[in-house]
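J.: structure here, sequence nowhere to be found:
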């Protein structure tokens, strides 16, 4: 009879369709090449051969017509085209010509793949085109049978923006690469996405574009593209929620006698902030309503906070020391 597909899957000849699916799922995950990272070269080769045979066995036994031919004539009968089978499954190297990865992807991309299975809340893993296993959660449906909730995986991409863009808002276009399957071959496509940045957005803000992410397997729905706001380092300001912090280095004489601090805002206004009090290293000057816009509160802004670093002279002449002592005593 050639290859024993029932033995390969570890099932009896009277196995039901659900038995076949259950056996294939368990063994295909076990022997998938992505699961062999820690195996020896010999172990990887054996797993690869087993994975191919599992795909071949499932392809035959899950198809009623092919299974009937196999039961009567064995695998040789399928290769020879007995019983009216087509030449699409022609023999190659002593086996049925199939792509085991395609069988695997098609099996787990189908909602029916989980309809035979495990208890409420159980999980299994499968491989996408990236070669990474991910989790699929099983849950009961209204008719008491299990079904697979296979939500396409989102493709998250950081979107680098400036403080000026988050202060004023901006509409911009970005180029994003996404994966698509064409005739079962993965291709990288470039896609242009238009983004409207709103004033006051913060780091971690997410923009979701439905169906614009990667396609994980042939026939599967593309996932979502998720852009995540990430602020570039600014040369003058640091953001703290809706406030802006600016560090100002001043000489000791200004710290003691006062001065006017010039500030160029994010919208290019020139402020002149009077500092009349004595400044020490812990002094903070708060300028109300000159911080970042507050989301959902038009016209309202946080504060601008000036933090001071005092530069002391490296040396003083005796005369200077005398004058300072006389002035401060």
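T.: Here it is on my side, so go on. Every value quoted in this text rests on a predicted model; they were computed, and no experiment measured them.

J.: where do the strands sit along the stretch 151-300 of the chain?
T.: Along the stretch 151-300 of the chain, counting by DSSP state E, counting those that start in this stretch, strands occupy 155-161, 170-182, 185-197, 206-209, 225-231, 237-240, 243-251, 259-264, 270-275, 284-287.

J.: how about these, which one is nearest residue 58?
T.: strand 170-182 (21.0 Å; CB to CB). (C-beta placed from N, C-alpha, C; glycine too.)

J.: partner strands of that closest one and their direction?
T.: strand 185-197 (antiparallel) (DSSP bridges).

J.: contacts for the strand it pairs with, please.
T.: Under the criterion CB atoms under 8 Å, 6 or more residues apart in numbering, residues 129, 159, 161, 165-166, 169-181, 207, 209, 212, 225, 227, 229 lie in contact with strand 185-197.

J.: go on, stretch 230-250?
T.: Under CB under 8 Å, 6+ apart, the answer for stretch 230-250 is 158-163, 166, 200, 202-203, 259, 261, 263-264, 266, 279, 290-294, 301-311.

J.: so in this structure, which helix runs the longest?
T.: helix 41-61 (DSSP state H).

J.: what packs against that one?
T.: Applying 3 or more CB pairs under 8 Å, 6 or more residues apart in numbering; DSSP states H and E, one finds that helix 41-61 makes contact with helix 5-9, helix 17-31, helix 64-80, strand 95-96, helix 100-109.

J.: adding mean neighbour count and mean pLDDT, write these out as CSV.
T.: Listed next are those as CSV, based on neighbours: other CB atoms under 10 Å; pLDDT from 0 to 100:
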stretch, mean neighbour count, mean pLDDT
helix 5-9, 20, 93
helix 17-31, 18, 91
helix 64-80, 17, 80
strand 95-96, 20, 46
helix 100-109, 20, 74
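
J.: any chance of CSV for the ones you listed, columns distance to residue 322?
T.: Formatted as CSV, those follow (distance: least, CB to CB, whole Å):
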stretch, distance to residue 322
helix 5-9, 99
helix 17-31, 85
helix 64-80, 106
strand 95-96, 101
helix 100-109, 86
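
J.: which one of these lies closest to residue 286?
T.: Across those, closest to residue 286 is helix 100-109 (CB to CB), at 57.3 Å.

J.: and the closest one with helix 41-61, angle?
T.: 60 degrees (axes from the mean of the first three to the mean of the last three CA atoms, to 10 degrees).

J.: residue 53 and residue 8 touch, don't they?
T.: Yes. At 5.1 Å, residue 53 counts as touching residue 8 under the criterion of CB atoms under 8 Å.

J.: so where's the stretch 151-300 of the chain uncertain?
T.: 151 (pLDDT under 70).

J.: recalculate using a threshold of 50.
T.: Nowhere does the stretch 151-300 of the chain drop to pLDDT under 50.

J.: sorry, back to before: out of the helices and strands packed on helix 41-61, nearest to residue 275?
T.: Going by CB to CB, the one of those nearest residue 275 is helix 100-109, 65.8 Å.

J.: so which elements touch the closest one?
T.: Using 3+ CB pairs under 8 Å, 6+ apart: helix 100-109 touches helix 17-31, helix 41-61, strand 123-127.

J.: quick check, distance from the second one to the centre of its chain.
T.: Think helix 41-61. 31 Å (CA atoms, centre = their mean, to the nearest Å).

J.: quick one: it to helix 64-80, angle?
T.: Going by the same axes, to 10 degrees, helix 41-61 makes 120 degrees with helix 64-80.

J.: what's the answer for the first one, then?
T.: Between the axis of helix 17-31 and that of helix 64-80 there is an angle of 60 degrees, by the same axes, to 10 degrees.

J.: helix 17-31 packs against which elements?
T.: By 3+ CB pairs under 8 Å, 6+ apart, helix 17-31 packs against helix 5-9, helix 41-61, helix 100-109, strand 123-127.

J.: could those go into TSV alongside distance to residue 246?
T.: Listed next are the helices and strands packed on helix 17-31 as TSV, based on distance: least, CB to CB, whole Å:
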stretch	distance to residue 246
helix 5-9	69
helix 41-61	58
helix 100-109	53
strand 123-127	50
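
J.: quick one, which of those gets closest to residue 74.
T.: helix 5-9 (9.4 Å).

J.: which secondary structure elements does that closest one contact?
T.: Using 3+ CB pairs under 8 Å, 6+ apart: helix 5-9 touches helix 17-31, helix 41-61.

J.: again, only this time at 10 Å
T.: With contacts defined as 3 or more CB pairs under 10 Å, 6 or more residues apart in numbering; DSSP states H and E, the packing partners of helix 5-9 are helix 17-31, helix 41-61, helix 64-80.

J.: many thanks, I have nothing further to ask.
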